[in-house]
Each structure stands twice: as C-alpha cells, then as structure tokens.
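Engineer: Sequence and predicted structure, then a few things I'm wondering about:
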There are 4 protein chains.
Amino acid sequence: MSIAVIYGSTRENGNTEELTEIVIQDLDVEKIVLRNYEIKPIHDQRHEDGGFSPIEDDYDGLIERMMKHDTLIFATPVYWYSMSGTMKNFVDRWSQTMRDSNFPNFKDQLGTKKAYVIAVGGDNPRLKGLPLIQQFNYIFEFMGISFEGYVLGKASRPGDILIDQVAFATATDLNLKLKDQ
Amino acid sequence: MSIAVIYGSTRENGNTEELTEIVIQDLDVEKIVLRNYEIKPIHDQRHEDGGFSPIEDDYDGLIERMMKHDTLIFATPVYWYSMSGTMKNFVDRWSQTMRDSNFPNFKDQLGTKKAYVIAVGGDNPRLKGLPLIQQFNYIFEFMGISFEGYVLGKASRPGDILIDQVAFATATDLNLKLKDQ
Amino acid sequence: MSIAVIYGSTRENGNTEELTEIVIQDLDVEKIVLRNYEIKPIHDQRHEDGGFSPIEDDYDGLIERMMKHDTLIFATPVYWYSMSGTMKNFVDRWSQTMRDSNFPNFKDQLGTKKAYVIAVGGDNPRLKGLPLIQQFNYIFEFMGISFEGYVLGKASRPGDILIDQVAFATATDLNLKLKDQ
Amino acid sequence: MSIAVIYGSTRENGNTEELTEIVIQDLDVEKIVLRNYEIKPIHDQRHEDGGFSPIEDDYDGLIERMMKHDTLIFATPVYWYSMSGTMKNFVDRWSQTMRDSNFPNFKDQLGTKKAYVIAVGGDNPRLKGLPLIQQFNYIFEFMGISFEGYVLGKASRPGDILIDQVAFATATDLNLKLKDQ
C-alpha cells in the first residue's frame, strides 16, 4: 500500500493537519499540500471544437504525484460546509484531465484506488459536515473510487482538535486500519 | 426589490446562464460574473496576531456591488456535486470580510437579504444536487440570509437545459414570484 | 405501462392525495391506500433458525397488488421529516418478503420497476424533505428500482397544496411524462 | 442527570441494543422498549372540528415515562435507511400529544432535553445512515431538543457490532461524556 495525502487547508499546522497526523502516524506518505502550488480554476471547454486548452500551472505535476499511490486521503478544513476552494479547484480540474491525452486512463486508474476524507470544522461538523461527506461520496462513486472511511473533527482555534475525543478515537482507529494493510 | 446575480460558471452562455435568464426575465438585475475577475483563495489568518492581510485582487469590489442589493441569486453549474471552485473561492473569502474593518456590518447586512440558488448539472442533479442545496442552506443559515428557493436543472451539452421541463416550470414560477415583489 | 399508487397518509382527501390527483389525471391507476388495511410492524427474525414466522394481516395481499404494476408512485405526507409510520411499516416488511418463498423473485421483480415519490409537508419541505428523498433513493437503489422523479409540496391545512405553484407545475409535468409512456 | 433509552428494534439482544449497552455502561437508565407495547399509527385529525380522538393503547404511558428524564437516547436499527416503523409510529404520535390537554406543555418540556441517537445498519451506515441523522436533527430542531451526538454502527448478523471499532470507540467516548454530567 502506498498513500498520498492531499491537503486543502490554507494555513500551516492547522487542526486538519494535526488530526491527519494521527491518521498517518508511523506511515510513509506523500504529502501534497495544495496551497503551495498554483492551481487555476477550470475553464469548462468540454463542448468547444478543440476541447480544452492546456493550462500553465502546477496542476498536472500534482496529479502525476497523486496517481502513483493506491490510497488517497483528502484532508480539508470545512470552509462554508464544504471542502476549501483550493481543494475544489483541484478537483474541478479532473474534468479536464479526464479528456487529456497525457493522462489516457485517468478515470480507470482512479477507479482502482481507495479514498478517505478527513475534515475539520468549527460549526457542528458532525451534522453540518454531512453534505460534504455526501459530495465526496458522489465524487468517488463517479470515479469508481472505493470510499473507505472518514473522520469529522470539531475545532476552530489552533490546537482545538486535541479535545475532540470522538475524532481522536476515529483517527486512531483509521491509523490502525491503514497500518494493517 | 433589487437583485444581484452571482454567476459561478466558467464558460459563456452555458446552461446555468440560460436557465437563469428564465428566472430574471423582464427584471432589472446586476450581473456579477465571477470568472471575469481575479479572486484569490482565502489564506486563513483568523488566528494570527495581526489577523488577515489585505489581498490585492478584484474581490472587494465584487462584494461592494453585491451588497447594494437585497436579493441575491447564486447561479452555478454543479461541478463535482457542489458549486464551482470559482464561486467557492468567492464564498470562502467571506470569512475574511467578516473581520474586515472596511465592511463593518457585513454579516448583519447579509442577514437582511433573501437568496435563491440556481444550479445545473449533468449527473442526476435532482438527487445528487441535494448536498449542494443543503450546503447553501447552512451558509445562508449561518449568515441569517433567508433561503427563498432553488432550481435544480439537468443539462450537459449546450442547450440541453431547454428540455428539462421541471426546471423550466420552476424557473418560470420563480420569475413570477420575483416580479411580484 | 401500468401504475400503482401507494398512499401513506392517514386522513382522507389530504393535501398529498390532492397533489397526487394532478400527477395521475386521466391515467388509469390502482390505488393502494395503506391506512385502510392492517399492516403489522416487522418482527426481525432474519437470524433465527426457522427464519420469519408468517404474519396474519393484510400485507401480502397489498404486495400482490403492487407487484402487478411496472410503475410505482409512493405518495406520503412528510411526518417528522420522513414517510408516515404507516408507510414505513409497509416498507419494513419488504425485508421479510425478500425471504418469503411465496414471493420467490420479489427483489428481482421490483428491480424492473420505475418509481416516483410525492411528498407533502408543512415545514419547508423543499429543504427539510431532502433526507426523505435521499432515503427513498437508497431504498430504490438497493432494490434496483429506477427512481424517475419526485414532487415535494408545501401544505399544512386542507387545500393548501393548491397554492404551491412549484409543486403544481412539477406535478403537471410529471403527469404529461406518465401519459407519454 | 436522568436518562431514558427509547429502543426501536424489533428483536431482542440485537446489535443496536449491544452497542447501546456500551453507551450506558454503569449508568442508571430507564429502558423503554417500544416493541413490547401497542402503539397505533397516528390518525391525522389536526384539521377536524373536534381535533384528535383519544386512542386506546400504551402510547401515553410511554410518553409519561419518557418525559421524566432530561436526557433521551433514541436507539434504533437502520431499517431501509431510517428509523424502524415501530419507532416512527411512536414519533408520529407526538403530533397528537402536542395538541393533547393531558400533556399541556409537551413541546416546551421536550425543548429542555438533550438527545442522542444510536443507529446500527448493515448497508454502509456511515454514509447511507446520514439522511437518518439529518432527519433526527430536524425533529430535534423542531422540538427545541439539543442534539448532543450520535453513533452509527455497522452490523448485520448478531454480534457483528463488536467488530466495528469506530462505533465502539465513539460509544465508549459517549459513555464517558454521559458519566461526566
């Protein structure tokens, strides 16, 4: 097993990253920290004659790194009851990659992978984070990715996540499961 | 009544815009087309000593235009079962505006407004668009905005939206309601 | 095409029935009005040695009537943000029927059918009825039933439904679609 | 603190009850096992001249027992992606109790209580149980009940629940929280 963590948070050492540390403890993972790269929004050209124009930014390189791994962990703060815009722009671009001859089997290859979601929010995330989980579920379902589990944590100020016992227990359990594979 | 439409789509004359035209027929609206502006992702500095640093882009001007109106229509294609990343980055920045002394009563003022959502997707939107509607509901609830209604339309290729009779009927009904106010 | 309507409401001529009348106008349907029959709650004996014991009530006869049709319309008031307990007891019993030698291909046969949901509630049904629609979606998905559409109407007092223009338009459109098949 | 557990399952010693045992370990609780009582479906007479007719069954006695406690735990198997019909009939009847002069402050008193949900299902409950949680959330919100937490467990055959580590950890944590109050 080989793991990539895709980070959607926009500040360093936030609660999402802290909770993710529990999940990946003693595991060798590749960290893809989206905020450190330029990822332009998709420009929907699906229906134009020439299809999508190539975009100059860091996105393709990130996809190459992600695709090397069979297990993907999407770690995002809950911003306005969904993933961060930074992560959303990354996911939106998948529509282009699905039609990109440089990634000929993108969807098929994604469809062999397993995924987890870690999301941390301040406003009742175990209830108000449910639409976010359902969105990820539909994304994974569309791609054929197996949705293996998620952790919803509650935190606002730095360090808060350490007092969310349910998130801690769930993250610990997930860590054991990952180590077992 | 005074209406602003905030457009999240990334191509011109798409199905979302076409469906929105039915909703705003014979109404005077201000169109805020997000793709025509630079909107940087939020950098979460809520917990830093100096708070948020000012960001140089077009965002503040768009907020000023939006805030002049009492009714807001959020019109977005369904990208990966949520609003477009372009619109998400716009909404994410509200977290900064809530702490921006240039917009001293941002949340209170938003809390006096009414909102509608128009979303068009290709993959069973009347079911798989429900998490998106629930997400908008939580956003509006947090801000105190009154969520007055929504239209979910089904379309993929240009022009498809015209054959979605339920969306057409719902959009027409919404147009009558808006004209009546 | 042959249609059965399964009614979950507990009073006559309620708003759910009134809205359903629009959907089935000029169509020949079999009406199965659950409140007029005795339907005992399921007793979960899936894991007992002898399996389920036969239950003496009207349920089997209702299933026989339902199974004769290829299109099913589930029409229920929204009671506490889900289908009525009367309809829920009817659906719960499907778990027994799936193991009943008198209905040897129950699940396979259901999996050839199309279904619609009509639900009417008083408390913001177009938002708070969404979990109900998602529940029906999972039920149909499990059985292999094709979920063809739904109408959510808003009404509390008798006759209220007539002023819900969106529900009226959606129901009318559904009626045209059914007549066309 | 004083706790009532309302059980919706229809067989003895099922997985839902087993998981609930972890939550209530070393706590003094009143167990209300709905399957042992007669609870008729509601007959919606809200809009009839004389209002609701009294119903002869065990329901009122169960409400009296439930109302003595300040913390309510609703423990139900996930039947068809929602609470059991047995529990649903119990909740449906609240609409009558709200208009019953024998329970003059029913809604106000419920609005002072805290509630938890424990639900166990076999078909991917941590995803497909989310509409059930959202439904309970709306129920509690309507009544003013504070929704304090939930446990979703995965199990089909007797005893399965013991191998769901996340459910076990969440239940244990909830037990500590309850003992602490």
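Structural biologist: Good, I have the coordinates.

Engineer: excluding its backbone neighbours, what's nearest residue A:116?
Structural biologist: The shortest distance from residue A:116 to any non-neighbouring residue, by C-beta to C-beta, 6 or more residues apart in numbering or on different chains, is to residue A:73 (4.7 Å). From N, CA and C alone the C-beta is placed, and that goes for glycine too.

Engineer: need the contact list for the one you found.
Structural biologist: Neighbouring residues of residue A:73 by C-beta atoms under 8 Å, 6 or more residues apart in numbering or on different chains: A:3, A:4, A:5, A:6, A:20, A:23, A:24, A:29, A:115, A:116, A:117, A:118.

Engineer: hang on, the fourth one in a strand?
Structural biologist: What that stands for is residue A:6. Yes: counting by DSSP: H, G, I helix; E, B strand; the rest coil, residue A:6 falls inside a strand.

Engineer: what's residue A:150 in contact with, if anything?
Structural biologist: With C-beta under 8 Å, 6+ apart, residue A:150 has these contacts: A:116, A:117, A:118, A:119, A:133, A:136, D:126.

Engineer: ranges for the strands of chain A?
Structural biologist: For chain A, the strands defined by DSSP state E cover A:3-7, A:29-33, A:71-77, A:114-121, A:146-154.

Engineer: Need those in JSON lines (columns: mean pLDDT).
Structural biologist: Formatted as JSON lines, the strands of chain A follow (pLDDT from 0 to 100):
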{"stretch": "strand A:3-7", "mean pLDDT": "98"}
{"stretch": "strand A:29-33", "mean pLDDT": "98"}
{"stretch": "strand A:71-77", "mean pLDDT": "98"}
{"stretch": "strand A:114-121", "mean pLDDT": "98"}
{"stretch": "strand A:146-154", "mean pLDDT": "96"}
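
Engineer: would you turn these into TSV with distance to residue B:11?
Structural biologist: Output for the strands of chain A, formatted as TSV (distance: least, C-beta to C-beta, whole Å):
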stretch	distance to residue B:11
strand A:3-7	26
strand A:29-33	28
strand A:71-77	26
strand A:114-121	29
strand A:146-154	30
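
Engineer: I'd like the distance between the most centrally placed residue in chain A and chain D.
Structural biologist: In chain A, the residue lying closest to the centroid (C-alpha atoms, centre = their mean) is residue A:74, at 2.2 Å. Separation of residue A:74 from chain D (C-beta to the nearest C-beta, to the nearest Å): 15 Å.

Engineer: now swap in residue A:15 and tell me
Structural biologist: In this structure, residue A:15 and chain D are 18 Å apart, going by C-beta to the nearest C-beta.

Engineer: could you list every residue that touches the residue in chain A positioned nearest to chain D?
Structural biologist: Nearest residue of chain A to chain D, counting by C-beta to the nearest C-beta: residue A:169, 3.4 Å away. By C-beta under 8 Å, 6+ apart, the contact list for residue A:169 reads D:166, D:169, D:170, D:172, D:173.

Engineer: you'd agree the third one is up against residue D:161?
Structural biologist: Meaning residue D:170. No: assessed by C-beta atoms under 8 Å, residue D:170 is found out of contact with residue D:161, at 11.8 Å.

Engineer: quick one: which of those two has more around it?
Structural biologist: Between residue D:170 and residue D:161, counted using other C-beta atoms under 10 Å in any protein chain shown, the more crowded position is residue D:170 (27 against 24).

Engineer: Now do the same contact list for the more buried one.
Structural biologist: Counting by C-beta under 8 Å, 6+ apart, residue D:170 touches A:166, A:169, A:170, D:151.

Engineer: Counting only helices, which of those residues make the cut?
Structural biologist: Applying DSSP state H to the contacts of residue D:170, the entries found in helices are A:166, A:169, A:170.

Engineer: surely the first one meets residue D:173?
Structural biologist: Yes: at 5.2 Å, residue A:166 counts as touching residue D:173 under the criterion of C-beta under 8 Å.

Engineer: Quick one: name the residues of chain A near chain B.
Structural biologist: Chain A comes close to chain B at residues A:9-11, A:14, A:35, A:41-45, A:47, A:77, A:79-86, A:88-92, A:94-95, A:123, A:128, A:130-132, A:134-135, A:138-139, A:142, A:157-158, as judged by C-beta under 8 Å from any C-beta of the partner chain.

Engineer: filter these to the buried ones?
Structural biologist: Among these, those classed as buried by 16 or more other C-beta atoms under 10 Å in any protein chain shown are A:9-11, A:14, A:35, A:41-45, A:77, A:79-86, A:88-92, A:94-95, A:128, A:130-132, A:134-135, A:138-139, A:142.

Engineer: just to revisit the earlier point, out of the ones in helices among the contacts of residue D:170, which one sits closest to chain C?
Structural biologist: After measuring the ones in helices among the contacts of residue D:170 against chain C - C-beta to the nearest C-beta - the closest member comes out as residue A:166, at 22.0 Å.
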